[in-house]
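Chemist: Model the structure of this input:
(chains A and B)
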Number of protein chains: 2
Amino acid sequence: MGALGPLCVGIDPSASLLSRWGLPDDVSGLGEFGSRCLHAFAGVVPVVKPQVAFFERHGAAGIGVLEKLLGEARQAGLLVIADAKRGDIDNTSAAYADAWLRDGSPLAADAVTVNPYLGLGALRPMTAMAVATGRGVVVVVRSSNPEGRLLQEAVTAAGDSVEDALLAEVAALNAAEGAAVGSVGVVVGATLEPSGFELSGLGGIILAPGVGAQGAGPSDVARLFGGCPGGTVLPNVSRSVLSHGPDVAELRAAAIRARDGIAAANA
Amino acid sequence: MGALGPLCVGIDPSASLLSRWGLPDDVSGLGEFGSRCLHAFAGVVPVVKPQVAFFERHGAAGIGVLEKLLGEARQAGLLVIADAKRGDIDNTSAAYADAWLRDGSPLAADAVTVNPYLGLGALRPMTAMAVATGRGVVVVVRSSNPEGRLLQEAVTAAGDSVEDALLAEVAALNAAEGAAVGSVGVVVGATLEPSGFELSGLGGIILAPGVGAQGAGPSDVARLFGGCPGGTVLPNVSRSVLSHGPDVAELRAAAIRARDGIAAANA
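Modeler: As a prediction, this is how the structure comes out:
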């Protein structure tokens, strides 16, 4: 196999996890949650994925905590995918590119997740900015939640499913860029059945929630991602690791177990 | 006719409009831009729609300016649709509901726009919160940008287009709520041809970009929205009004012209 990269761990300071960790549901709790995650995961996994909604819940002050977390993650040597699922058209799409992908922006991350409902072409300011600044855009294409299937499996005028049409558009963008691994990645739930698009030709990173404790085992992974180039499939875990907090050593141990479980599935 | 509501004016402090208004591209410029809009539009139109991306561009400090704008708009008697196009699943969707629709949240608005790519059912925490707090959710269903057509016109397993399937789901939510005008609205571009879904049965607000200067005339409006209950179709204009800034009196005059143009189309 060899397709799976090491691991991406979510940083999800939801109200319920803050409570479970004994932290207050305010910006001090958010900050402590993020800090514990960085201490636990630095040097253990390469990528973290803060869920922006849990910071936005606390308004501007919460976004301020996210800014600080982004800076500290960088200093700790962690790559960050900001899970924002942003998307719009025209100069609004350009504004989201400025926010998440422009050098010097207080919210600049290594990559940001985007939502393609308005068409992948509408997100061009974001994909173009990612190429220009060496960052990444991760398009939510195949979500594993049941409510997403109707829309994502709908058939376009060209005869492809929405998800396969988007995967082909992403592959074309990456091919045009011509890098070994292109700037445009996708989210594909690891618990889904394969679709018609051959993922080995994507040319970018595949963020794969659902590997390991959440459902997909080695055989699922092989079936979905078997032909993908080594290291391009990045499994994501969140709750199964974060539920071991607030103790940093226990969080780190859980991340290591998840990482080693992935490595075993990959062997 | 009588279907058209008065007018929603966008508050879009993009880099290009800040420059055109002679304002700095920073939080002081953002604040001044928003303040001029509120002074110009209060008492003239009922609803404003700040585009969140233009605030997010400036990070936490920009979101702080948006918080202040939301409070000042309320004091000025203006309703606010936060144009955020948020959307996610499970407890992340609940976190966006907390951010934009919960009483007491620093970012609470009268309504927020949402993105249905993950399925309308995934947004239930947001639609439920809107019902509970007397706010609104506005689902982006039929965007007028050409890149959106392929996906939004794709055909689901049940034989409907994605956009018509979503419109029917919205209508069902509003019917279940049972209010005269339900909590779930939609965005339908006024320049599009009618789809198969009869909009008069939606049971909620229709936010309609593209009426007036941007393209759609009275006959287009009648064709698309003719049967809709009075006041449920809310035309939105942005650039055609905002380009008359920075002078507050000229902005106000432009908003009045746009509003009266809508009223004429509605006669």
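Chemist: what residues does the stretch 101-250 of chain A put near chain B?
Modeler: Neighbours of chain B within the stretch 101-250 of chain A, by CB under 8 Å from any CB of the partner chain: A:105-107, A:115-122, A:140, A:143, A:145-158, A:161-162, A:165-166. All C-beta atoms are positioned from the backbone trio N, CA, C, and that covers glycine.
Chemist: helix/strand/coil for A:H244?
Modeler: Following DSSP: H, G, I helix; E, B strand; the rest coil, A:H244 is assigned to coil.
Chemist: so what's it up against?
Modeler: If a contact means CB atoms under 8 Å, 6 or more residues apart in numbering or on different chains, then A:H244 has A:E250, A:L251, A:A253, A:A254 as its contacts.
Chemist: Apart from its chain neighbours, what residue comes closest to it?
Modeler: In space, and not counting its chain neighbours, A:H244 is closest to A:A254: 3.9 Å by CB to CB, 6 or more residues apart in numbering or on different chains.
Chemist: Looks like that neighbour contacts A:S240 (just checking).
Modeler: Yes - counting by CB atoms under 8 Å, A:A254 touches A:S240, with 7.4 Å between them.
Chemist: Compare those two and say which is more crowded by neighbours.
Modeler: A:A254 (22 against 17; other CB atoms under 10 Å in any protein chain shown).
Chemist: List the buried residues for the helix or strand harbouring that one?
Modeler: When elements are assigned from DSSP states H and E, A:A254 belongs to helix A:248-266. Residues A:L251, A:R252, A:A254, A:A255, A:I256, A:A258, A:R259, A:G261, A:I262, A:A265, A:N266 are the ones in helix A:248-266 that count as buried (16 or more other CB atoms under 10 Å in any protein chain shown).
Chemist: now stretch A:11-24
Modeler: By 16+ other CB under 10 Å, the buried positions in stretch A:11-24 come out as A:I11, A:D12, A:P13, A:S14, A:L17, A:L18, A:W21, A:L23.
Chemist: Kindly identify which of these also come near chain B.
Modeler: Among the buried residues of stretch A:11-24, the ones lying near chain B by CB under 8 Å from any CB are A:D12, A:S14.
Chemist: can you put the buried residues of stretch A:11-24 in CSV and add pLDDT, secondary structure and distance to A:G226?
Modeler: Listed next are these as CSV, based on pLDDT from 0 to 100; DSSP: H, G, I helix; E, B strand; the rest coil; distance: CB to CB, whole Å:
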residue, pLDDT, secondary structure, distance to A:G226
A:I11, 98, strand, 30
A:D12, 98, coil, 29
A:P13, 98, coil, 35
A:S14, 98, coil, 34
A:L17, 98, helix, 34
A:L18, 98, helix, 39
A:W21, 98, coil, 38
A:L23, 98, coil, 41
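Chemist: want to throw the buried residues of stretch A:11-24 into TSV with distance to A:E67?
Modeler: TSV is the format used below for these (distance: CB to CB, whole Å):
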residue	distance to A:E67
A:I11	14
A:D12	18
A:P13	15
A:S14	20
A:L17	21
A:L18	19
A:W21	22
A:L23	19
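Chemist: and of the buried residues of stretch A:11-24, the nearest to chain B?
Modeler: Distance ranking of the buried residues of stretch A:11-24 against chain B, using CB to the nearest CB, places A:S14 first at 5.0 Å.
Chemist: Relative to A:P125, how far out is the nearest residue to the closest one once chain neighbours are set aside?
Modeler: Closest residue in space to A:S14, ignoring its immediate chain neighbours: B:N91 at 5.0 Å, by CB to CB, 6+ apart. B:N91 sits 30 Å away from A:P125 when distances are taken as CB to CB, to the nearest Å.
Chemist: Let me know the pLDDT of the residue nearest to A:S14.
Modeler: In this model, B:N91 is scored at 96, pLDDT.
Chemist: Can you give me the neighbour number for it?
Modeler: By the measure other CB under 10 Å, the count of residues near B:N91 is 18.
Chemist: and what of A:E193?
Modeler: 8.
Chemist: For the stretch 51-200 of chain A, just list every one of the helices.
Modeler: A:52-56, A:59-75, A:90-101, A:124-133, A:149-152, A:162-177 (DSSP state H, counting those that start in this stretch).
Chemist: Packed most tightly, which of those helices would that be?
Modeler: helix A:52-56 (a mean of 27; mean count of other CB atoms under 10 Å in any protein chain shown).
Chemist: now could you export just the CA positions of that one as PDB?
Modeler: The C-alpha trace of helix A:52-56 is given here as PDB (Å, rounded to 0.1, in the frame of the first residue of the first chain):
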ATOM      1  CA  VAL A  52     -12.800  27.100  13.000                       C
ATOM      2  CA  ALA A  53     -16.400  26.900  14.000                       C
ATOM      3  CA  PHE A  54     -15.400  26.200  17.600                       C
ATOM      4  CA  PHE A  55     -13.400  29.400  17.700                       C
ATOM      5  CA  GLU A  56     -16.000  31.400  15.900                       C
END
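Chemist: helices or strands next to it in the packing?
Modeler: helix A:59-75, strand A:79-86, helix B:90-101 (3 or more CB pairs under 8 Å, 6 or more residues apart in numbering or on different chains; DSSP states H and E).
Chemist: I'd like to know which of the ones you listed lies nearest to A:A53.
Modeler: For the helices and strands packed on helix A:52-56, distance to A:A53 was read as CB to CB. The smallest value, 3.8 Å, belongs to helix B:90-101.
Chemist: From the chain's centroid, how far away is the closest one?
Modeler: Here helix B:90-101 is found 18 Å from its chain centre; the criterion is CA atoms, centre = their mean, to the nearest Å.
Chemist: what does stretch A:11-22 give?
Modeler: Between the centre of stretch A:11-22 and the centre of its chain there are 19 Å (CA atoms, centre = their mean).
Chemist: So, low pLDDT: which residues of the stretch 151-267 of chain A?
Modeler: Applying pLDDT under 70 to the stretch 151-267 of chain A flags the ranges A:212-214, A:218, A:267.
Chemist: what about the residue in it that chain B sits nearest to, distance to A:K85?
Modeler: Distances between the stretch 151-267 of chain A and chain B by CB to the nearest CB are smallest at A:A154, namely 3.8 Å. The spacing between A:A154 and A:K85, counted by CB to CB, is 19 Å.
Chemist: what about the two, which has more around it?
Modeler: Comparing A:A154 with A:K85 by other CB under 10 Å, the one with more neighbours is A:K85, at 28 against 23.
Chemist: How about the more buried one, nearest residue that isn't a chain neighbour?
Modeler: A:N115 (4.7 Å).
Chemist: do A:L30 as well
Modeler: Using CB to CB, 6+ apart and skipping the chain neighbours, the partner closest in space to A:L30 is A:V65 (4.6 Å).
Chemist: Which pLDDT value belongs to that neighbour?
Modeler: Predicted confidence (pLDDT) for A:V65: 98.
Chemist: how about the residue nearest to A:H244, what does it touch?
Modeler: Taking CB under 8 Å, 6+ apart, we find A:A254 in contact with A:S240, A:V241, A:S243, A:H244.
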